[in-house]
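1. A predicted structure for the sequence below; I have some questions about it.
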Amino acid sequence: MVCKMKISGALTLLSFFLLVLAWCALSYGGVVGGVFLPTPGEVFRAFGSMQAEGILIPYTLASTYRVVVGWALAVAVAVPLGLMISTSRHVEALCEPVIDFARYLPVVALVPLTILYFGIGDVQKFVIIFLGTFFQLVLMVSDVVNKVPRDLLRAAATLGASKRQTYLMVLLPASLPGIMDSLRITIGWAWTYLVVAELVAANSGLGYMILRAQRFLAIDRIFAGLVIIGLLGLATDYFFKWLTRVAVPWSEKVGDRP
Amino acid sequence: MSKLVLRKVGKVFGDLRHPVHALAEIDLEVAENELAVIVGPSGCGKSTLLNIVAGLDRASSGSVLMNGIEITGPGADRGMVFQSYTLFPWLTVQKNVEFGLRIKGTPPGERRETALRYIKLVGLAGFENALPKTLSGGMKQRVAIARVLANRPEILLMDEPFGALDAQTRVAMQDLLLSVWEKEKTTVLFITHDIDEAVLLADTVYVMSRRPGRIRTRLKVEIPRPRDHRVTVSPEFASIKKEIMEMLWEESQGLNISD
């Protein structure tokens, strides 16, 4: 087991190493022109200059803050609603058609409207992220709950559990691993929608920084922005994997780790 | 008085224009401490019948009485062991076995004591803190049996509980059930399509016909107890088995002709 983990850890490092290696070869080797692909050194220096300008950390924090708040609002409403949809036919009839309709509206197309309504500040970003993740999340959660094996609920009923007890003591815990997966997936989308919103209109944040860099043809800064977003995504993913191991260690998905 | 009484129980699925008669005129009685087994071809509605007794499904006609009282829904007095694995994966073996007692509001100390006793009874002492995902199929079903027994039901309903297990494990589980039943002297209604299993376990075997499911025959199995799988090679066993086989064979013949 330990040996297996070491190998997979080494492979992970190797994949990043190869990526950087290919980047070095393409940029330092002059295969792709400097206008299109900066060298790793240039990107590294871009981090330094952004830090010197005092935008590196504040912009990263501004974007992270928007993603977390917008997404958390969506989660706070979507998870209970998803649970209700899958357990009450009335709530399902009431909400599902509207959600199905709203879910197919491209969020990007709503950016101009949200700017009109909410300006270009944080609130507008929250709204875009909320709209981008909420409807999907509701359906994902209700799907997860629907997939809880029926016999698990029936077993609880024949052990004397009331409907309420079955809901709280069986349905909720049984749904938890699936809900965690949905959360992990949707926070990734939240990043996408945030950057889209920031590219259109903002006065801080990573998307805004990338847009300005494009205007000045500062390709190194564009890449620096991408690297930060990528690293934040990676960290988020690891965080959720860790959370899954801690919160639902009983899940079949969690391997028996030493 | 019989513990469980079914009178002219019928079940119709589907709508008025396309009714599917799953069960018709089921009369059945299970006495206190009796081990009754229903055997029938697949699709004869035997699981539906058990679900009706459990209160998970409703009869379309007739009445189901438990200790003389009409059944209206599921309850702890009729514990069920399913063919699929139904342990709660987030609970340890012990917590799974304690589940019903927790719902009843039994104090933790007594809960623990009862759980440990039944875990031992099904031969899983030492696995109290194991999570279901680390158990084999046979072990999961043992825990499921312990979980139901710990709840002290009036009757134990078993819906092909060993159907998903491999042949050797199944034999071991049948012997385990027999020994547990000898010790606990509880009332059991067991469903299977396996004739050997039916004859080995039963005081009374009910043979069901194909759809619409009816009770075709009621057979007393007089093989002396305590039993284990060694009785399956006795001439007595063979003759009862033959009788049931012939009945089920006739049922399958009917199927071939009509299809």
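-> Cool, got the structure. All values derive from a computational prediction rather than experimental measurement.
2. all helices of the stretch 1-150 of chain B, in order?
-> Secondary structure of the stretch 1-150 of chain B, counting by DSSP state H, counting those that start in this stretch: helices at B:46-54, B:93-104, B:108-121, B:137-150.
3. Any chance of TSV for these, columns mean pLDDT?
-> What follows is the helices of the stretch 1-150 of chain B, written out as TSV (pLDDT from 0 to 100):
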stretch	mean pLDDT
helix B:46-54	94
helix B:93-104	96
helix B:108-121	96
helix B:137-150	96
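4. Pull up the distance across stretch A:80-93, start to finish.
-> Stretch A:80-93 has an end-to-end distance of 16 Å (criterion: C-alpha to C-alpha, to the nearest Å).
5. Apologies, that question was intended for stretch B:78-97.
-> This stretch, stretch B:78-97, spans 16 Å end to end (C-alpha to C-alpha).
6. buried stuff in that stretch?
-> Residues of stretch B:78-97 classed as buried by neighbour count (16 or more other C-beta atoms under 10 Å in any protein chain shown): B:78-97. Every C-beta, even on glycine, is put in place using the N, C-alpha and C of the backbone.
7. how about the helices of the stretch 1-150 of chain B in JSON lines, adding distance to chain A?
-> Converted to JSON lines, the helices of the stretch 1-150 of chain B look like this (distance: least, C-beta to the nearest C-beta, whole Å):
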{"stretch": "helix B:46-54", "distance to chain A": "5"}
{"stretch": "helix B:93-104", "distance to chain A": "4"}
{"stretch": "helix B:108-121", "distance to chain A": "13"}
{"stretch": "helix B:137-150", "distance to chain A": "7"}
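8. per-residue confidence for the nearest residue to residue B:157 once chain neighbours are set aside?
-> Closest residue in space to residue B:157, ignoring its immediate chain neighbours: residue B:80 at 4.3 Å, by C-beta to C-beta, 6 or more residues apart in numbering or on different chains. pLDDT, the model's per-residue confidence, is 96 for residue B:80.
9. How about residue A:255?
-> Per-residue confidence for residue A:255 comes out at a pLDDT of 64.
10. before we move on, what about residue A:153?
-> Residue A:153 is assigned a predicted lDDT (pLDDT) of 96.
11. what's it in contact with, if anything?
-> Residue A:153 is in contact with A:166, A:170, A:171, counting by C-beta atoms under 8 Å, 6 or more residues apart in numbering or on different chains.
12. What subset of those residues is buried?
-> Among the contacts of residue A:153, those classed as buried by neighbour count (16+ other C-beta under 10 Å) are A:166, A:170, A:171.
13. interface residues of the stretch 151-259 of chain B facing chain A?
-> Taking C-beta under 8 Å from any C-beta of the partner chain as the test, the list of the stretch 151-259 of chain B residues beside chain A reads B:151, B:157.
14. mind running it again at 6 Å?
-> Applying C-beta under 6 Å from any C-beta of the partner chain, one finds that the stretch 151-259 of chain B approaches chain A through residue B:151.
15. Closest residue of chain A to chain B?
-> Using C-beta to the nearest C-beta, the single residue of chain A nearest to chain B is residue A:160, 3.0 Å away.
16. can you give me the strands in the stretch 101-250 of chain B?
-> Counting by DSSP state E, counting those that start in this stretch, the segments of the stretch 101-250 of chain B that form strands are B:155-159, B:187-192, B:204-208, B:215-220.
17. Show me what the third one is packed against.
-> Contacting strand B:204-208 under the criterion 3 or more C-beta pairs under 6 Å, 6 or more residues apart in numbering or on different chains; DSSP states H and E are the following elements: strand B:35-39, strand B:215-220.
18. and these, which is most packed in?
-> Here the criterion is mean neighbour count by mean count of other C-beta atoms under 10 Å in any protein chain shown, and of these the winner is strand B:35-39, at a mean of 25.
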